[in-house]
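*Asks:* Coordinates for the following, if possible.
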Amino acid sequence: MQKTTFNISKMDCPSEENIIRLKLEELANIKSLQFDIANRKLQVYHTGNYEPILSALDSLKLDTKFVDNISADSFEPTDTQDRKLLWLVLSINFFFFVLEILTGIFSHSMGLVADSLDMLADSIVYGLALFAVGGTVLRKKKIAKVGGYFQMTLAIFGLVEVIRRFLGLEEVPVFQTMIIISSLALIGNTTSLYLLQRSKNREAHMEASVIFTSNDVIANIGVIIAGGLVYFTNSKFPDLIIGGIVFILVGRGALRILKLSK
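*Replies:* Sure, this is the predicted structure:
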């Protein structure tokens, strides 16, 4: 058994991790993958030469560099408790997706709608990781393609709607709803972040999930701030600006997910 470490400088979220997993899954000699997203490191437990692994990683154009290669007696499989934790985080994300998109529509807040789609994007990423386990590479690529196109469609629709509202005579969003619902979503994401950080396992999707959920916390705070600015200015524009920013982030995530299907 060999353990080879790579530095992948452009690996900074679950989408890149999934891209790498699907690519390396085509190599039969790989036994385990351990990701350290924060430090852009990947440890591969495998038999045989590491050169085919490096070649596969290079083809993804994520700026991969070989670090070292040593002999390893064994590797640790994915912890079942961590998989359950990811299911819990997925459930929290999907619940707040439903809550935010409904309240966003009724309160005329594009910030809430955009944040809800950001939560949906997280759910898609976690779902791809969990539902595809044990399936074939072809099945996983089909799942990735459907999820990516669905998310991209939502992002484009959202940006078009933001532009339409910028140009039209729209109602000022209900700032109270923006602040209250975003505060609840912030509590949900903070709870998820706390649970993820308690996990001692930093392989698989644990570290990536921490980073992804941290970004959600920032988005929640952005919508809360936008709600406050709507109150002080009595204007729709703070809400539309934060909504546009989040929709762009959702679209960027969709492009990354679509790489999974290649």
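*Asks:* Quick one: mean pLDDT for the longest helix anywhere in the chain?
*Replies:* Criterion DSSP state H: the longest helix present in the chain is helix 137-167. The pLDDT scores in helix 137-167 average 77.
*Asks:* elements contacting it?
*Replies:* Packing contacts for helix 137-167, counted by 3 or more Cβ pairs under 8 Å, 6 or more residues apart in numbering; DSSP states H and E, involve helix 14-24, helix 110-131, helix 237-258. Where C-beta positions appear, they are placed from N, C-alpha and C, glycine not excepted.
*Asks:* so can I have CSV of the ones you listed showing mean neighbour count and distance to residue 230?
*Replies:* Output for the helices and strands packed on helix 137-167, formatted as CSV (neighbours: other Cβ atoms under 10 Å; distance: least, Cβ to Cβ, whole Å):
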stretch, mean neighbour count, distance to residue 230
helix 14-24, 22, 32
helix 110-131, 25, 9
helix 237-258, 21, 5
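*Asks:* Doesn't residue 61 lie inside a helix?
*Replies:* No - going by DSSP: H, G, I helix; E, B strand; the rest coil, the assignment for residue 61 is coil, not a helix.
*Asks:* what about the nearest residue to it once chain neighbours are set aside, neighbour count?
*Replies:* Nearest residue to residue 61, sequence neighbours excluded (Cβ to Cβ, 6 or more residues apart in numbering): residue 10, at 7.9 Å. Per other Cβ atoms under 10 Å, the neighbour tally for residue 10 reads 12.
*Asks:* dump the residue contacts of the most centrally placed residue in the chain.
*Replies:* For the chain, the residue nearest the mean C-alpha position is residue 122 (4.4 Å; Cα atoms, centre = their mean). For residue 122, the residues meeting the contact criterion (Cβ atoms under 8 Å, 6 or more residues apart in numbering) are 89, 90, 93, 212, 213, 216.
*Asks:* switch the cut-off to 10 Å
*Replies:* By Cβ atoms under 10 Å, 6 or more residues apart in numbering, the residues touching residue 122 are 14, 89-90, 92-94, 96-97, 189, 192, 209, 212-213, 215-216, 253.
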